[in-house]
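Engineer: Got a predicted structure here, sequence first:
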Amino acid sequence: MNIKVTNPYLKLSEEFYNLETTQPLKNAYLIDLNLELSEEIGLNSLSDSDFLKLTNGEFLLDGAKPFASVYAGHQFGHFVPQLGDGRAINIGTIDGWHLQLKGSGITKYSRDGDGRAVLRSSIREYLVSEAMHGLGIDTTRAISIVGSKHRVYRGEWESGAVVLRASKSWIRVGTFEYFYHKGMYKELAKLIEYTILESYSHLSNREDKIALFFQELVAKSAMLVASWQAVGFNHGVLNTDNFSIAGLSIDYGPFAFFDDYNRNYICNYTDRGGRYSFKNQPNIFKWNLSALALTLSKFVDISILKEIIEEFDTIYLDRYLDLISKKLGLEHREKDDYSLIEELLSLMETLEIDYTLFFRTLSYYNKDQEPLLKLALYHNPLKDWLNRYSKRLELNSRDTKSDMLQINPKYVLKNYMLQDAIDLAQRGDFSLVKDLLKIAKNPYIEHEKLDRYSKSTPQEYKNRKLSCSS
């Protein structure tokens, strides 16, 4: 085993991080391994036993210098001047992939926390990371997960777990805020330089590279949240410390994919004001980008940055309408399509229609309305919409069903599915974790043995809310 890692972030000064020591869980065992990703990263020479020890922090790859990063953040709109990797430890970089252990013990930035993660939240993050990737959405990834008999207290005693995560960047808007609000502008300049080299290297030699980097991030972020809205994903806690500087979906806590369509849905029960509700996600993306713009204003005129932010709405709406049009099988956009889409979404909300199941069923539509009408509480309003939709399809020059099947997943990882896997895992059965990973990786194809998870969510499990520790 001769796998070497580098530590490019440690080239920055000590104000950016703290060197740490991993703290292995007691009686740890390997739950699952994402073989495809491990091969892509170059870890395929490791055995299952090696992965257990690596994920549990029992050994390090050659060259590793474990560290935790410092950052600040606006949490539910309130600025917290120092946060950081409180339960995550970085263990090295391979070919641009930054490896990180989540749940591997206390760091300098744990504050009053124990630095641990529990089995239920670790299973959720392990699976959703790959689910988002399988849906074609930019995201951090998950390589492996271990469980243990190590006890962790979260209101009650639970089992500790660790996820080995990988990302092209772990830098957040909150990282920039930390140095800006402390008046550490030299360090902030170094952070900007590092970020551009890491995630926007094609801009490195441009004189206006900071403005251009920000412009690219605004565009990436607008397209990212458009993909969330189109697939029906609610992040739940979009603080600036959970907002990627590389335009990635990051830090999965109380997330949810839609059961029935509900634009006002709030998946985080601590979000009493609905700041991070599904419908508000585009606004929060823009708010977080404005927080970043303030930190960059020491180097770029704020008026230029504000002009760039104003591009967000146009990019977002264009991308969202493009995705929804494709989900509807519309070959090109017509002037009345926006009202067609809005009418459908309103109907889905009123008639309590399962979002994913509706679009998947629509992918097979041949003017037989019965399969779709079965999904609605009341039929007549949907009948009227389907009649309008049928006329709209006549403007297409070809059949778009095959295209629709490639953008309308048969499966998304709804919370009741994840809870089924967690319940079994807490009894020592990890078979459903492994099965749901298969769904996560290939959500557009048939999984005959798991077909029950393509149906509408059972009524008693719909639209549940979760905590930040979920």
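Structural biologist: Thanks, I have the structure now.

Engineer: Which neighbouring elements make contact with the helix ranked longest in the chain?
Structural biologist: Criterion DSSP state H: the longest helix present in the chain is helix 209-231. Secondary-structure packing of helix 209-231 (3 or more C-beta pairs under 8 Å, 6 or more residues apart in numbering; DSSP states H and E): helix 185-199, helix 281-296, helix 302-309, helix 311-327. For the C-beta atoms, the positions are set from N, CA and C on the backbone; glycine is no exception.

Engineer: helices and strands around the shortest one, which ones?
Structural biologist: Secondary-structure packing of helix 302-309 (3+ C-beta pairs under 8 Å, 6+ apart): helix 209-231, helix 281-296.

Engineer: do you know which of those lies nearest K401?
Structural biologist: K401 sits nearest to helix 209-231 of all the helices and strands packed on helix 302-309, at 18.4 Å, using C-beta to C-beta.

Engineer: before we move on, the earlier item: mean neighbour count, the helices and strands packed on helix 209-231: which tops it?
Structural biologist: Counting by mean count of other C-beta atoms under 10 Å, helix 281-296 has the highest mean neighbour count of those, with a mean of 20.

Engineer: for the longest helix of the chain, the distance to its chain's centre please.
Structural biologist: Distance of helix 209-231 from its chain centroid, counting by C-alpha atoms, centre = their mean, to the nearest Å, is 14 Å.

Engineer: so for the helix or strand just after that helix, what's the average pLDDT?
Structural biologist: Using DSSP states H and E, the helix or strand that follows helix 209-231 towards the C-terminus is strand 233-234. Averaging pLDDT along strand 233-234 gives 98.

Engineer: strands paired with strand 233-234, and their directions?
Structural biologist: If you go by DSSP bridges, strand 233-234 pairs up with strand 256-257 (antiparallel).

Engineer: okay, the angle between the longest helix of the chain and helix 302-309?
Structural biologist: Helix 209-231 and helix 302-309 are oriented at 30 degrees to each other (axes from the mean of the first three to the mean of the last three C-alpha atoms, to 10 degrees).

Engineer: Please look at I341 and L321 and confirm they touch.
Structural biologist: Yes - I341 lies in contact with L321 (C-beta atoms under 8 Å); the separation is 7.2 Å.

Engineer: if we can go back for a sec, including distance to M223 and mean pLDDT, could the helices and strands packed on helix 209-231 go into TSV?
Structural biologist: Putting the helices and strands packed on helix 209-231 into TSV (distance: least, C-beta to C-beta, whole Å; pLDDT from 0 to 100) gives the following:
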stretch	distance to M223	mean pLDDT
helix 185-199	15	98
helix 281-296	10	98
helix 302-309	15	98
helix 311-327	5	98
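
Engineer: mind putting those helices in CSV, distance to L248 included?
Structural biologist: Below are the helices and strands packed on helix 209-231 laid out as CSV (distance: least, C-beta to C-beta, whole Å):
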stretch, distance to L248
helix 185-199, 9
helix 281-296, 13
helix 302-309, 19
helix 311-327, 16
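
Engineer: For L351, find the nearest of these.
Structural biologist: The nearest among the helices and strands packed on helix 209-231, by C-beta to C-beta, is helix 311-327 at 17.7 Å.

Engineer: gap between the closest one and the chain center?
Structural biologist: 19 Å.

Engineer: Quick one: name whatever helix or strand follows it.
Structural biologist: Following helix 311-327 in sequence order, the next helix or strand is helix 337-350 (DSSP H and E).

Engineer: buried sites along that next one?
Structural biologist: By 16 or more other C-beta atoms under 10 Å, the buried positions in helix 337-350 come out as D337, L340, I341, L344, L347, M348, E349.
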